[in-house]
Every structure is written in C-alpha cells, then in structure tokens.
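Student: Test case, fold it:
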Amino acid sequence: MVGSVSALALVAALRDPSTTHTLDREGWTSLLTAARAERLMGALATRLDRRSAPAEVAAILDDADAGAAHERRGALWEAEMARRALVPLGCPVVLLKGTAFAAAGLDAGRGRAIGDLDILVPRAALDAAEAALRAAGWEPVKADAYDDEYYRRWMHELPPLIHRARDRMIDVHHTILPTTARPTPDAAALIASAVPLGNGLAVLSPADMVVHAAAHLFADGDLAGGLRNLWDIDRLCREFADDDADFWTKLGARARLHGLVDAVGRALRLAADLYATPVPAAPHRRHPNDAVYRRRLLARDGWGRQTRPVTRLAFYVRSHWLRMPPHLLARHLLVKAWRGRG
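Tutor: Numbering: from 1, shown residues only. Now for the predicted structure:
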C-alpha cells in the first residue's frame, strides 16, 4: 500500500480538490511530484483553487497552467501544419488523442499534456499522406530497415515522422490498434462517423473517442501513464453523457462494433472506482481482475518513482502478447535481443 500513497493522493485531488486542504509541505511535494510523473500537472492545476494552496504551490500551479497553454498552442499549430500538407489530397484527416480534445474544445483538453500529433487517415491514403508530409518537411525518425518494415507490415501506423525545423513528431494511423492485435476495430466506421471541425480536419465521434481511449489504455500498452488516460476517459464520459442522454447506449454499441467491449468495460469500472465517474452501474459490475489493473495504475511512490516492478514487468509482457501472436512475438524479441548485442 505504501507505494500507492502518492498516486492515490493524486487521484483523490483530481476527484475532489478539497482533499488538498489538509496537506502539509511533504504532502504537497508528494502530490506535485506524482502529478508531474504522471503528466497530470496541467490537469491538476485546472482543478485546484490557488487560494487554498501555499504561495509556492500556487506559483507551481500557475507555471503548469502556462505550460499546458503553451503545449496546446503548439499542438494546434502542428495540426494546422498537417492540415495544410494533407488537404490537397482530399482524404479524411481525423485528429486523435490530446490534440483532438483541444481542437474540439472538450473538457478533457483542459490542462492536458500533449506530445506527438496523432492523426487517422484511410489506409488507402497512407502512401499519399506520407509523401505529402515528407514534402512539407517531416522526416523518418527510424532509419533502421527492420523497424521500418515492422511498422509498415504489422503496426496501426506509419513509422513516426519528425519535422526537420519544428522538431515535432507526427504519428499517422490507419486504425487504432496494431493489425496483429486480437480485437480488430472497424477503421472505416471510425472515419465515417468522425465529426468535422469545419477546417478540413475532424475528430472521432464521442462514443468512438471513448472507445479509442479505452483501447489505447488496455489493449495496446503496459498502462504506463494510465492515470492520465483514465482521467481522459472520466472527463470525456462526463461531458458526453451530460450532452447526450443516449451516450451510454451509443458507447456500448460502438464498443461491440469495434470488438472492444472488455476494454471499454474495464475502463469504465476503473474510472468509476478511482475518479467516481458516474457510470451506469448495472452493465459494469466489478471484475475480479480489476484489482490487478488498479495496482498497476497506482504504482507510484511519494518521490514520483514507479514501484511494483514485478507487476510492471507482467504488464509489459502482456502488452507485447496482445500486439502479436506468439510466433511473431518470439521472432521480434529475438531480433531485438540480437541487435541489442551490437
């Protein structure tokens, strides 16, 4: 339990900011360290009242606000640069993840840390999109022939590209999970249901946005940074459910369509458990394995260090197991191990 105290304090502060009123100096240090490690400083800053925080903490929160605003501007500018490069192709361009939240003006975008630009285009348009982006100044990050082939053959995206002048990455997706993954989301349906922003770009529909967040959290990774992704899900569900009385029904239907009922169900249960997300109770009763996922999500100590190495290793192995069948996984790990010797 000791290893999760810092992470639990962060979860509690996001859920109910009044829990910070009794923090001492050590408690504040632990909370802010965990928030920074989980890339939730900006989100925390949007939740806390500066008047109830020590002056030095208020200054840190103000800096986090300014940093998040800077990231938001940079992300939206990068989206605009990609739009200019890709609009002549006439194909759909759908923003994903943090940039999508910011561009759509969603609550999930408030204070959200945003790194790479993620976009979704039809698979048939991949070659043309890559050529257009490279002509506009983006270059391959991975020069290794094996990595390049691996991405193009098995992954759900092109090898990452980075802009030579702005040093910003773009990930061009053709679906939301690797082609070797067990679930097979309907990429065409994702694009067909996307919501236009009126500038040549679009974002996923509300239900698909939550499905994608759940897929990214539970079906395509080792849960590193999971508290931030789960916070995305909480914010998205609250806003979408407030705006649409049928949202939960639509979410269930899209989860079934994309083969991601288990991932979405687990995301909703854990969001309700940790962030008190107001999820309809009946369809999402607790699963025995949820405790293991909760343990992984909260593996952070008072210094911001990751804890529970055995649990983290198990989820790292799980992430690779989910992405590819055993024979391909064995070959991939052997290649990586052999190259690591050099």
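
Student: alpha carbons only for contacts and neighbour counts from here, please
Tutor: Fine.

Student: How many residues are close by the closest residue in space to residue 58 that isn't next to it in sequence?
Tutor: Leaving aside its sequence neighbours, residue 58 sits nearest to residue 50 (Cα to Cα, 6 or more residues apart in numbering; 5.2 Å). Applying other Cα atoms under 10 Å, we find 15 residues neighbouring residue 50.

Student: again, but for residue 166
Tutor: Around residue 166 there are 11 residues (other Cα under 10 Å).

Student: What residues of stretch 71-83 count as buried?
Tutor: For stretch 71-83, burial by neighbour count (16 or more other Cα atoms under 10 Å) applies to 71, 72, 73, 74, 75, 76, 78, 79, 82, 83.

Student: still on that earlier bit, distance of the residue nearest to residue 58 from residue 6?
Tutor: Plainly put, residue 50 is 21 Å away from residue 6 if you go by Cα to Cα, to the nearest Å.

Student: Isn't residue 94 up against residue 119?
Tutor: Yes. If you go by Cα atoms under 8 Å, residue 94 and residue 119 touch, sitting 5.4 Å apart.

Student: shouldn't residue 278 be in contact with residue 238?
Tutor: Yes. Contact criterion Cα under 8 Å: residue 278 and residue 238 qualify, at 7.2 Å.

Student: Spit out the contact partners of residue 208.
Tutor: Residues near residue 208 by Cα atoms under 8 Å, 6 or more residues apart in numbering: 190, 251, 254, 255.

Student: For it, give its distance to residue 167.
Tutor: Using Cα to Cα, we find residue 208 at a distance of 30 Å from residue 167.

Student: check contacts around the residue nearest the centre of the chain.
Tutor: For the chain, the residue nearest the mean C-alpha position is residue 229 (4.8 Å; Cα atoms, centre = their mean). Counting by Cα under 8 Å, 6+ apart, residue 229 makes contact with 213, 217.

Student: so it is in which element?
Tutor: helix 226-243 (DSSP states H and E).

Student: Could you list every helix and strand in contact with the longest helix seen in the chain?
Tutor: Scanning the chain for the longest helix, with DSSP state H as the assignment, gives helix 55-86. Packing partners of helix 55-86 (3 or more Cα pairs under 8 Å, 6 or more residues apart in numbering; DSSP states H and E): helix 41-47, helix 97-103, strand 117-120, helix 126-135.
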